[in-house]
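K.L.:
Provided below are the primary sequence and the corresponding predicted coordinates.
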Amino acid sequence: LCLATSSLMAKKITASEKYDRQLRLWGEEGQARLEKAHVCLINACATGTETLKNLVLPGIGSFTIVDGSKVEPHDLGTNFFLDRESLGTPRAVKAAELLRELNEAVKGFSVEDDPVSLIRNNINFFQTFTLVIATQLPEVPLRKLATFLFERGIPLLVVKSTGFIGSLRVCVPEHTVVESKPDDPPADLRIHTPFPELSQYCSTVDLSPLDDYEFGHIPFVIILVKALEKWKSEHGGKVPETRAEKDEFKQTIKTGARNPDNKNFLEAVPAAMKAWTPTTIPSEVANIMKDEKASVNEKSTEFWILVSALREFVSQEGKGFLPLSGGIPDMHASTDQHVALQRLYRDKAQQDVQALSLHVDAILARIGRPGTISPETVKNFAKNSRFLTLVRYRSLEEEYTASPSQTQMITNDLQTNGNSSNLVYYLLLRGLDRFYQAHARYPGVFDNNATEADMTQFKTAIQGVFSDLGLPSTIMGDVMGDDTIFEVARYGACELHSVSALMGGVASQEAIKMLTHQYIPLNNTFIYNGLNSTSSSFVM
């Protein structure tokens, strides 16, 4: 038994076994991107280490913690990645050490330097990272760092946890998504405008001589394509348009069944709308193809080169359609019929991928870009071309420099929702930053009850935020009572582990979206209100 146990313990777990559950979410390509990532965490506070923990566990390539602080007694009450033995030691070193223990495949580094000084004296240090997570940074150095990273297209996540309130801001010029993974996407069957191979195949299927078993196992796709061809031949080449025509078309399908229990015909009736619904390019994808960045040059990213190739494919081989995705849903059919239909769609999709690849190679040669784009990447792009997503973000500087539209949005929200709006806490957090800028500390730091002087100065700071944003001064009194202001002031900018853990989960989720380019990320501000367990997102 002991020998068997030792043998099991000695067995090395493979990466696919280790990451099995997450590979089901973002696949091998997403995992490969994670493993290439080098993430920087600014300040190893509770919120920062909780965020980083959730990136180390799924296997980012490496991380670097920048923190010039020593471990103090108050850290031990909120930060699970610091222990009593670490008191007085560099916080960056100890946090990195314990985080590395979570995943031996991840490399962890620490820099014992004050982040504010590093931003002021050597900001180029941050340009080597894939993504930067900033916590507990004062407003002035944060804005300098945000501008620096924004100009270089490096994602910055600003995450805060103050008492019962948390916030997250995503900062990056644009984020492109190939695998947005929508819920229950419709199958790409092309029944309204079948591709030639599908039309030809369906025309060879004669239902008349089939016995009842064979008849009852013809895929509904074939039933619909044949029914539509017959309808068009009798109606001047037109598909059903009016409500009456659509009902009539459905009725012809129903009457085509040999008995009421033909499951394939029962599937065909509710799917009949696919016969009169044109296959179109989604508006978001069409706008991406029209984007000025689709006119590529040698500095263009892989995404935009693929978009440029897609645009050429649509105008040429695609004849106005995107590449076929190649999958078909489960349906009532015989094994032979289902496999034959599946092969038909798969072969057509492969033809489209090959055509798209030729456009990619031609574009790379035309712009003088060395190298190639991998066949797997092109195939994945073609398969998901219906769901391409482009998110463009406002910079932090734009947020802090009020625009009429932003002022109107905030005003409308506050006037509509009053003190129940989570924008109230966005403004209070901005007020905390303004207070720190003036006093080099946060209100309530030296007195948990927040002195009267702190309250007065905090209100002044909040009024300054209202003024900067162009908000009517009268709204402040309507949505922020003294109790609400005092509640935030009394926190003394402390972290509660439960809120830090929640915000770490939210921030790491957005970080994974950024790193893998899968799923649609937040745009651009998230506020968590632990006082009433609500959250909101805003475009600031």
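P.N.:
Thanks, I have it. Residues are numbered from 1 along each chain as shown.
K.L.:
going forward, measure contacts and count neighbours with C-alpha atoms only.
P.N.:
Fine.
K.L.:
where does pLDDT dip in the stretch 301-450 of the chain?
P.N.:
Low-confidence segments of the stretch 301-450 of the chain (pLDDT under 70): 446-450.
K.L.:
contact partners for the residue sitting furthest away from the middle of the chain?
P.N.:
Within the chain, residue 209 marks the point farthest from the mean C-alpha position, 52.0 Å out by C-alpha atoms, centre = their mean. Counting by C-alpha atoms under 8 Å, 6 or more residues apart in numbering, residue 209 touches no other residue.
K.L.:
which pLDDT value goes with it?
P.N.:
At residue 209, the pLDDT value in this model is 93.
K.L.:
in this protein, what secondary structure element scores lowest on mean pLDDT?
P.N.:
helix 2-10 (a mean of 43; mean pLDDT, DSSP states H and E).
K.L.:
I'd like the distance between the residue farthest from the centre of the chain and residue 215.
P.N.:
Relative to residue 215, residue 209 is positioned 9 Å away (C-alpha to C-alpha, to the nearest Å).
K.L.:
next one: residue 103
P.N.:
Distance, residue 103 to residue 215, by C-alpha to C-alpha: 56 Å.
K.L.:
next one: residue 304
P.N.:
Counting by C-alpha to C-alpha - residue 304 and residue 215 are separated by 47 Å.
K.L.:
next one: residue 231
P.N.:
Separation of residue 231 from residue 215 (C-alpha to C-alpha) stands at 20 Å.
K.L.:
of those two, which one has the most company?
P.N.:
Higher neighbour count among residue 231 and residue 215: residue 215, with 20 against 17, using other C-alpha atoms under 10 Å.
K.L.:
using PDB, list the CA coordinates for stretch 161-177.
P.N.:
Extracted in PDB, the C-alpha atoms of stretch 161-177 (Å, rounded to 0.1, in the frame of the first residue of the first chain):
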ATOM      1  CA  SER A 161     -11.400  47.700  -2.300                       C
ATOM      2  CA  THR A 162     -12.300  50.200   0.400                       C
ATOM      3  CA  GLY A 163     -14.400  48.900   3.200                       C
ATOM      4  CA  PHE A 164     -17.600  47.500   1.800                       C
ATOM      5  CA  ILE A 165     -17.100  49.200  -1.600                       C
ATOM      6  CA  GLY A 166     -15.100  47.900  -4.600                       C
ATOM      7  CA  SER A 167     -14.300  49.200  -8.000                       C
ATOM      8  CA  LEU A 168     -12.600  48.100 -11.200                       C
ATOM      9  CA  ARG A 169     -11.600  50.100 -14.200                       C
ATOM     10  CA  VAL A 170     -10.400  48.500 -17.500                       C
ATOM     11  CA  CYS A 171      -8.000  50.700 -19.500                       C
ATOM     12  CA  VAL A 172      -6.800  49.800 -23.000                       C
ATOM     13  CA  PRO A 173      -7.300  51.600 -26.300                       C
ATOM     14  CA  GLU A 174      -9.100  48.600 -27.900                       C
ATOM     15  CA  HIS A 175      -9.700  45.000 -27.300                       C
ATOM     16  CA  THR A 176     -10.500  42.500 -30.000                       C
ATOM     17  CA  VAL A 177     -12.300  39.200 -29.500                       C
END
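K.L.:
buried set for it?
P.N.:
For stretch 161-177, the neighbour count (16 or more other C-alpha atoms under 10 Å) marks 161-173, 175-177 as buried.
K.L.:
go on, stretch 432-443?
P.N.:
Quick answer for stretch 432-443 (16+ other C-alpha under 10 Å): 432, 433, 434, 435, 436, 441, 442, 443.
K.L.:
same deal with stretch 202-216?
P.N.:
202, 215, 216.
K.L.:
now residue 308, nearest residue through space, not along the chain?
P.N.:
Of all residues not flanking residue 308 in the chain, residue 294 sits nearest, at 5.0 Å (C-alpha to C-alpha, 6 or more residues apart in numbering).
K.L.:
okay, now that neighbour: neighbour count?
P.N.:
Neighbour tally, residue 294, other C-alpha under 10 Å: 19.
K.L.:
cool, and residue 428?
P.N.:
23.
K.L.:
wait, what's in contact with it?
P.N.:
So residue 428 contacts 462, 485, 488 (C-alpha under 8 Å, 6+ apart).
K.L.:
next one: residue 50
P.N.:
500, 501, 504, 505.
K.L.:
cutoff 7 Å now
P.N.:
500, 501, 504 (C-alpha atoms under 7 Å, 6 or more residues apart in numbering).
K.L.:
which non-adjacent residue is nearest residue 406?
P.N.:
residue 540 (6.7 Å).
K.L.:
other residues contacting stretch 244-254?
P.N.:
240, 265, 269, 272.
K.L.:
once you drop chain neighbours, what's closest to the third one?
P.N.:
For residue 269, ignoring the flanking residues on the chain, the nearest one in space by C-alpha to C-alpha, 6+ apart is residue 250 at 5.8 Å.
K.L.:
in which helix or strand does that neighbour reside?
P.N.:
helix 243-256 (DSSP states H and E).
K.L.:
gap between the residue nearest to residue 67 when sequence neighbours are not counted and residue 53?
P.N.:
Excluding the flanking residues, the one nearest residue 67 by C-alpha to C-alpha, 6+ apart is residue 43, at 4.7 Å. To residue 53, residue 43 is 14 Å away according to C-alpha to C-alpha.
K.L.:
now swap in residue 379 and tell me
P.N.:
Going from residue 379 to residue 53 by C-alpha to C-alpha gives 33 Å.
K.L.:
same question, residue 103
P.N.:
Counting by C-alpha to C-alpha - residue 103 and residue 53 are separated by 10 Å.
K.L.:
more crowded one of these two?
P.N.:
Applying other C-alpha under 10 Å to residue 103 and residue 53 shows that residue 53 carries more neighbours, namely 22 against 16.
K.L.:
hmm, that one is touching residue 99, no?
P.N.:
Yes. The pair residue 53 / residue 99 is scored as a contact, 6.5 Å apart, by C-alpha atoms under 7 Å.
K.L.:
what does residue 332 show for phi and psi?
P.N.:
Main-chain dihedrals, residue 332, degrees, to the nearest 10: phi -80, psi 110.
K.L.:
contact partners for it?
P.N.:
Per C-alpha under 7 Å, 6+ apart, neighbours of residue 332: 217, 219, 263, 264.
K.L.:
helix, strand or coil for the first one?
P.N.:
So the one you mean is residue 217. Classification of residue 217 using DSSP: H, G, I helix; E, B strand; the rest coil returns coil.
K.L.:
burial check on the closest residue to it other than its chain neighbours, number of neighbours?
P.N.:
In space, and not counting its chain neighbours, residue 217 is closest to residue 333: 4.1 Å by C-alpha to C-alpha, 6+ apart. Taking other C-alpha under 10 Å as the criterion, the count of residues near residue 333 is 19.
K.L.:
check contacts around residue 333.
P.N.:
217, 218, 219.
K.L.:
measure it to residue 505 for me?
P.N.:
44 Å.
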